[in-house]
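>>> Okay, structure incoming, though there's no sequence with it:
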């Protein structure tokens, strides 16, 4: 597993291979969307079935400013990484961040509302407080409620979650406010790591706005016997592993050869999968007509 974890990121980043590109739809009632953790990049989007561009970070700031009324033709604008799917004011459906009241945060097994009596591992959440400084909360087997909830030291004193880290988690959990348990704040996956969601701001969004995305898959954050790896080319994986062994032995020439073969195999697989659905450049030597006119 350790060897696969080393070679997969490089293979994923070498191209848009078969099964790495997929489509998904995300509602955008709050003026932003948070991509699922298994998404690495957005390749294209439509907003309410209208094609729109994908803009780089700071695009709207550079042109019109962050607080300006943006045209819907701006499309979606990269807003970097955030620790939550939804900000607390959207979870609680209040107008301003100052109206947020947080008494507790709770975890449920992903996709359920079942109370957790115990769990392995630890979740550390840093929130703001009245002085806008970070305050750390730890959620583990030793915390209150049998590991199901925790309370801040001073109730109702934080409005934003600044970071979420986790270690040795045995199964995926959803982090929720128990008073608004249908709104998932973040999903804690198996293993260890830091929660980061890629966020995009959306122009002129309302409760009826839906964004359809063409996405590239990201590398799995945790790999075990049940993890789905969306690179099914065994020969390419074999050459990637051989390249890793060569790099460990300081054999750069042999490693370069194996990475090259792995890329060629994935490229050939992609070409065979696409069939006739390929962009074709057609040149018309007659300048747009079917044939030259008979001027005789």
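Received it, and whenever you're ready, just let me know what you need. In this text, all values refer to a predicted model and were calculated from it rather than measured experimentally.
>>> how many neighbours does residue 219 have?
17 (other Cβ atoms under 10 Å). C-betas here are computed from N, CA, C, even on glycine.
>>> so it, which of the three states?
coil (DSSP: H, G, I helix; E, B strand; the rest coil).
>>> Tell me who's in contact with it.
By Cβ atoms under 8 Å, 6 or more residues apart in numbering, the contact set of residue 219 is 8, 9, 12, 40.
>>> Please convert the buried members of those into PyMOL selection syntax.
Listed next is the PyMOL selection for buried residues among those, using 16 or more other Cβ atoms under 10 Å:
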select buried, resi 8+12+40
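>>> Any chance of TSV for the contacts of residue 219, columns distance to residue 99?
Below are those laid out as TSV (distance: Cβ to Cβ, whole Å):
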residue	distance to residue 99
8	44
9	42
12	42
40	35
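>>> starting at the chain centroid, how far to stretch 37-53?
How far stretch 37-53 lies from its chain's middle: 12 Å, per Cα atoms, centre = their mean, to the nearest Å.
>>> cool, and stretch 51-63?
19 Å.
>>> One more: stretch 249-258?
That offset, for stretch 249-258, works out to 32 Å (Cα atoms, centre = their mean).
>>> I'd like to check what contacts that stretch. Which residues are they?
Residues from elsewhere that reach stretch 249-258 (Cβ under 8 Å, 6+ apart): 239, 240, 242, 243, 244, 246, 247.
>>> any idea which of these has the most stuff around it?
Neighbour counts for the contacts of stretch 249-258, by other Cβ under 10 Å, peak at residue 240, which reaches 27 neighbours.
>>> list the contacts for that one?
Counted by Cβ under 8 Å, 6+ apart, residue 240 has contacts 7, 10, 11, 258, 259, 262.
>>> Could I get these in CSV, plus columns for neighbour count and pLDDT?
As requested, the contacts of residue 240 are exported to CSV (neighbours: other Cβ atoms under 10 Å; pLDDT from 0 to 100):
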residue, neighbour count, pLDDT
7, 21, 90
10, 14, 90
11, 24, 91
258, 21, 96
259, 22, 94
262, 25, 94
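>>> a markdown table for the residues you listed, including distance to residue 218 and secondary structure?
Putting the contacts of residue 240 into a markdown table (distance: Cβ to Cβ, whole Å; DSSP: H, G, I helix; E, B strand; the rest coil) gives the following:
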| residue | distance to residue 218 | secondary structure |
| --- | --- | --- |
| 7 | 15 | helix |
| 10 | 13 | helix |
| 11 | 12 | helix |
| 258 | 24 | helix |
| 259 | 20 | helix |
| 262 | 19 | helix |
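>>> Let me see the ranges of the helices in the stretch 1-150 of the chain.
Using DSSP state H, counting those that start in this stretch, the helices found in the stretch 1-150 of the chain span residues 2-13, 59-63, 88-91.
>>> who does the second one touch, helix- and strand-wise?
Right, the one you point to is helix 59-63. Counting contacts by 3 or more Cβ pairs under 8 Å, 6 or more residues apart in numbering; DSSP states H and E, helix 59-63 is packed against strand 76-82.
>>> in the strand it packs on, what's buried?
Buried positions in strand 76-82, judged by neighbour count with 16+ other Cβ under 10 Å: 76, 77, 78, 79, 82.
>>> List of residues touching that strand?
Under Cβ under 8 Å, 6+ apart, the answer for strand 76-82 is 32-34, 42, 45, 47, 52-57, 59-60, 196-203, 211.
>>> For ChimeraX, what selects the buried ones among those?
Per 16+ other Cβ under 10 Å, the buried members of the contacts of strand 76-82 correspond to this ChimeraX selection:
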select :32,33,34,42,45,47,52,54,55,59,60,196,197,198,199,200,201,202,203,211
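>>> Pull out the buried residues from stretch 215-225.
215, 216, 217, 218, 219, 220, 221, 223.
>>> Among those residues, which one sits closest to residue 112?
residue 221 (21.2 Å; Cβ to Cβ).
>>> check contacts around that closest one.
The neighbours of residue 221, taking Cβ under 8 Å, 6+ apart as the test, are 37, 189, 191, 193.
>>> And the pLDDT for the nearest residue to the last one once chain neighbours are set aside?
Nearest residue to residue 193 in three dimensions, chain neighbours excluded: residue 221, at 5.6 Å (Cβ to Cβ, 6 or more residues apart in numbering). We note a pLDDT of 75 for residue 221 in this prediction.
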